[in-house]
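> coords please:
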Amino acid sequence: MENNQAALQNKSDIESYTQWAMVAFLVYLLICAVGMIGGGFKLAAGGQAKELFAFASNPFAGLVVGIVATALIQSSSTVTSIIVGLVAGGLPVELAVPMVMGANVGTSITNTIVSLGHVRAKEEFKRAFSAATVHDFFNLLSVAIFLPLEIAFGILEKLGGWMSGLFYGSGDASIKSFNFIKAATAPVVNTFKGMTSSLGDQIGGITLIILGIVLIFISITIVGKLLKKLMVGRAKDIMHTAIGRGPLSGIASGTLVTILVQSSSTTTSLMVPLAGSGAFRLKDIYPFTLGANIGTCVTAVLAATAATGNAEAALQIAFIHLVYNIIGVIVIYGLPMLRDIPVRAAEALGATAAENKFAALAYILAVFFFVPALCLGVSSLI
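Sure thing, here's the model as predicted:
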């Protein structure tokens with residue numbers, strides 16, 4: 001009996017080690033894919049990167065690109081990794097900033113949809129829908145505050161530039177001197193470049209971009225599944241341990257869980273059923289969702305360290321996403337006058353949706369479709 005248990009344990013350990021090795025390999029492929037996108041975009045665009053994104057030459061259009069792309073792909077990590085690759089290939093940073101803001105909004109749709117699974121039980125649906133949409137309202141409020149400031153003063157762009165400058169500064173301490181990640185991914189990136197070089201710069205570059213995007217999709221999808229299998233049980237344990245023990249504990253645990261599962265959508269969706277069951281209050285869950293915003297930035301920062309082309313700008317936009325989410329938490333949650341706005345809005349919407357189920361559908365359509373369309377209409381007038 002004991003021998004059988006030992007054999008099963010050994011088999012389980014081997015499977016676990018194999019899955020972790022696969023995760024490491026897929027993260028490596030993800031970083032390679034970002035390098036491929038940057039290299040391909042640089043080849044295809046040449047010096048005309050800005051002109052290729054003329055449709056997103058104003059902040060509102062860029063915001064829409066981030067919202068819609070993330071809502072469709074259901075992964076802000078994927079979208080921000082693609083944006084990092086495009087910036088490395090020549091997409092101007094100022095055009096990319098609203099896109100990463102939009103990615104924050106777009107990723108909120110997942111847990112909102114998850115909450116619809118509680119629609120048959122009125123009180124349960126009220127709690128679940130409120131817990132899901134508090135993340136939405138926080139991200140929308142963050143955009144409403146920081147996008148105008150960014151347009152007027154370029155604060156995030158300057159902070160991101162300063163942070164990337166610390167890594168790409170002069171001297172022996174520069175990241176250029178010890179960027180082993182870039183060196184490790186160069187063989188794969190160069191192999192794909194060689195495969196597409198015979199197609200010419202434009203077609204070859206576009207092909208390289210497509211291959212990179214496909215590789216990102218595959219890598220993040222499989223990594224997400226593996227990490228859910230490996231970590232979700234532990235993630236739930238962290239949630240139960242940390243939620244309700246204060247805002248700092250909630251934010252820290254939300255960040256940690258999101259880093260572990262590499263998906264803010266997964267993190268925030270984990271707590272929707274718990275909120276619906278009444279296990280946690282909305283005010284307890286709120287800080288946890290803020291931590292998810294911070295944790296989701298890790299993928300893009302990691303990928304940016306191996307970007308080819310304008311690598312400093314790629315790291316800059318990754319840091320901008322991180323700084324944007326951290327400052328958003330500090331300002332909105334730190335100021336009493338702003339802190340409760342997402343909670344009150346979510347509670348009011350949850351109550352309305354519980355009484356009229358069509359209100360939930362109207363909300364989803366408005367935030368993720370009608371508002372982006374309105375932004376495009378406004379952008380056409382600018």
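> state the mean pLDDT of whichever strand or helix holds Ile213.
Using DSSP states H and E, Ile213 maps to helix 201-242. For helix 201-242, mean pLDDT rounds to 69.
> after it, which helix or strand is next?
With DSSP H and E, the next secondary element past helix 201-242 is helix 247-261.
> okay, buried residues for that next one please.
Neighbour-count burial for helix 247-261, counted by 16 or more other Cβ atoms under 10 Å, picks out 247, 249-261. Every C-beta, even on glycine, is put in place using the N, C-alpha and C of the backbone.
> pull the contacting residues for Leu215.
29-30, 32-33, 36 (Cβ atoms under 8 Å, 6 or more residues apart in numbering).
> go with 7 Å
Listed by Cβ atoms under 7 Å, 6 or more residues apart in numbering, the contact set of Leu215 reads 29, 33, 36.
> just the buried ones from the residues you listed, in PyMOL syntax?
The following PyMOL line selects those of the contacts of Leu215 that are buried, judged by 16+ other Cβ under 10 Å:
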select buried, resi 29+33+36
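> quick one: which of the contacts of Leu215 sit in helices?
Counting by DSSP state H, those place 29, 33, 36 in helices.
> please name the nearest non-neighbouring residue to the first one.
In space, not counting the residues next to it along the chain, Leu29 is nearest to Ser219; the distance is 4.8 Å by Cβ to Cβ, 6 or more residues apart in numbering.
> tally of neighbours for the one you found?
By the criterion of other Cβ atoms under 10 Å, Ser219 has 23 neighbours.
> returning to what we had before: as TSV, the buried residues of helix 247-261 with pLDDT and distance to Thr191 would be great.
Output for the buried residues of helix 247-261, formatted as TSV (pLDDT from 0 to 100; distance: Cβ to Cβ, whole Å):
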residue	pLDDT	distance to Thr191
Pro247	80	48
Ser249	79	46
Gly250	81	45
Ile251	87	42
Ala252	84	40
Ser253	80	41
Gly254	82	38
Thr255	85	36
Leu256	81	36
Val257	76	36
Thr258	78	32
Ile259	77	30
Leu260	70	31
Val261	64	31
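> nearest to Val329 among those?
Checking the buried residues of helix 247-261 against Val329 with Cβ to Cβ, the nearest one is Ile251 at 6.6 Å.
> how about that closest one, what does it touch?
Contact partners of Ile251, counting by Cβ under 7 Å, 6+ apart, are 287, 290-291, 329.
> any idea how far the nearest residue to it once chain neighbours are set aside is from Ser81?
Closest residue to Ile251 apart from its sequence neighbours, by Cβ to Cβ, 6+ apart: Gly291 at 4.2 Å. For Gly291, the distance to Ser81 (Cβ to Cβ, to the nearest Å) stands at 20 Å.
> show me the shaky parts of the stretch 1-150 of the chain.
1-13, 27, 30-31, 34-35, 37-38, 41-42, 44-57, 72-75 (pLDDT under 70).
> how about the strands in it?
In the stretch 1-150 of the chain, no segments count as strands under DSSP state E, counting those that start in this stretch.
> Tyr363: how many residues sit nearby?
Tyr363: 17 neighbours (other Cβ under 10 Å).
> repeat that for Phe370.
For Phe370, using other Cβ under 10 Å, the count is 12.
> give me the pLDDT for Asp172.
45.
> if I pick the residue nearest the centre of the chain, what's in contact with it?
Nearest residue to the geometric centre of the chain (Cα atoms, centre = their mean): Ser76, 3.0 Å. Applying Cβ under 7 Å, 6+ apart, we find Ser76 in contact with 70, 103-104, 106-107, 264, 296.
> dump those residues to CSV, plus neighbour count.
Shown next, in CSV, are the contacts of Ser76 (neighbours: other Cβ atoms under 10 Å):
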residue, neighbour count
Thr70, 28
Ala103, 30
Asn104, 29
Gly106, 29
Thr107, 31
Ser264, 31
Thr296, 31
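> got CSV for these, with distance to Gly377 too?
Output for these, formatted as CSV (distance: Cβ to Cβ, whole Å):
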residue, distance to Gly377
Thr70, 20
Ala103, 21
Asn104, 22
Gly106, 19
Thr107, 24
Ser264, 29
Thr296, 29
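> what's the farthest-apart pair in these?
Longest span within the contacts of Ser76, Cβ to Cβ: Gly106 and Thr296, 11.7 Å.
> so Ser219 touches Tyr28, yeah?
No. In this structure Ser219 lies outside contact range of Tyr28 using Cβ atoms under 7 Å: 8.7 Å.
> since we're on Phe60, how many residues are nearby?
Neighbour tally, Phe60, other Cβ under 10 Å: 22.
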